[in-house]
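Q: Here's a sequence, model it:
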Amino acid sequence: MGAGIGAALAEVVPGAVSAPSHAPALGPAEWQRASGRLGEYLAAMGVRNPQEVERLGEAVRTRLESRLAATPLEDPVESAIEETHALLDLWLAAELGLEGEASTLCAARAAVLGGGLPGWSARWAGLSERSLAPEIRALCIAAVPEPAPLTMEPNPIDLFLHRLARRLAGGFHRLLARSAIPESATPKSATRGHP
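A: Numbers count the residues shown, from 1 in each chain. Sure, this is the predicted structure:
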């Protein structure tokens, strides 16, 4: 068997491959509902081989039961979908040797789910020995252009309220200055309003 989900789980989540015997088990009705929806979800992802679906379903159930040992599940179907995503990311990280490269992981996920790489699901399920890392890397497309810092001219901020406050203060100052001037100091033409 290839380095699929079992190897990725053993490397990243020690003890997750075999559920502890004291852990509470997922009820049959809960698992039946979750596995039915999981099968549909895997089919939508492009995983249709019954053997692959069974292997991935077992891995998801193991992770669900391990998770159930720590905290109760709110919704088994939702949790199964979350664990499927986590398994895919774990496998891609292990397959490509990624450590904390979120953009590369997203691009790799898009590459395998895009349908351009035949046989990826067999490798994910651990049924293929052939590494797909070169093909996955070749299909990865950078989502954004390379950073190109530009110089930015400084732009002073001229706030409207500051200009208004200065105008009002100037108007009040002129008004107060006029009232402080005695009437005898003002020319007669200014008091009459006519030349």
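Q: quick one: average pLDDT of the helix or strand hosting residue 173?
A: Element membership for residue 173, per DSSP states H and E: helix 160-180. Averaging pLDDT along helix 160-180 yields 82.
Q: export it as PDB, just CAs?
A: Listed in PDB are the C-alpha atoms of helix 160-180, where the atom choice follows Å, rounded to 0.1, in the frame of the first residue of the first chain:
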ATOM      1  CA  PHE A 160     -12.700  68.800   6.600                       C
ATOM      2  CA  LEU A 161     -13.400  69.400  10.300                       C
ATOM      3  CA  HIS A 162     -10.000  70.900  10.900                       C
ATOM      4  CA  ARG A 163     -10.500  73.400   8.100                       C
ATOM      5  CA  LEU A 164     -14.000  74.300   9.300                       C
ATOM      6  CA  ALA A 165     -12.700  74.700  12.900                       C
ATOM      7  CA  ARG A 166     -10.000  77.100  11.600                       C
ATOM      8  CA  ARG A 167     -12.500  79.100   9.600                       C
ATOM      9  CA  LEU A 168     -14.900  79.300  12.500                       C
ATOM     10  CA  ALA A 169     -12.100  80.300  14.900                       C
ATOM     11  CA  GLY A 170     -11.000  83.000  12.400                       C
ATOM     12  CA  GLY A 171     -14.600  84.300  12.000                       C
ATOM     13  CA  PHE A 172     -15.100  84.500  15.800                       C
ATOM     14  CA  HIS A 173     -11.700  86.200  16.200                       C
ATOM     15  CA  ARG A 174     -12.700  88.900  13.600                       C
ATOM     16  CA  LEU A 175     -16.100  89.300  15.100                       C
ATOM     17  CA  LEU A 176     -14.600  89.700  18.600                       C
ATOM     18  CA  ALA A 177     -11.900  92.100  17.200                       C
ATOM     19  CA  ARG A 178     -14.600  94.300  15.600                       C
ATOM     20  CA  SER A 179     -16.600  94.500  18.800                       C
ATOM     21  CA  ALA A 180     -13.500  95.500  20.700                       C
END
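Q: And the chain, what are its domain boundaries?
A: For the chain, automatic domain parsing gives the domain ranges 5-139, 160-185.
Q: Tell me how many other residues crowd the residue nearest to residue 52 when sequence neighbours are not counted.
A: The spatially closest residue to residue 52, leaving aside those adjacent along the chain, is residue 125, at 4.0 Å (C-beta to C-beta, 6 or more residues apart in numbering). The way it works is simple: take the backbone N, C-alpha and C, and place the C-beta from them, glycine included. Around residue 125 there are 27 other residues, counting by other C-beta atoms under 10 Å.
Q: By mean pLDDT, point me to the weakest helix or strand of the protein.
A: helix 5-12 (a mean of 48; mean pLDDT, DSSP states H and E).
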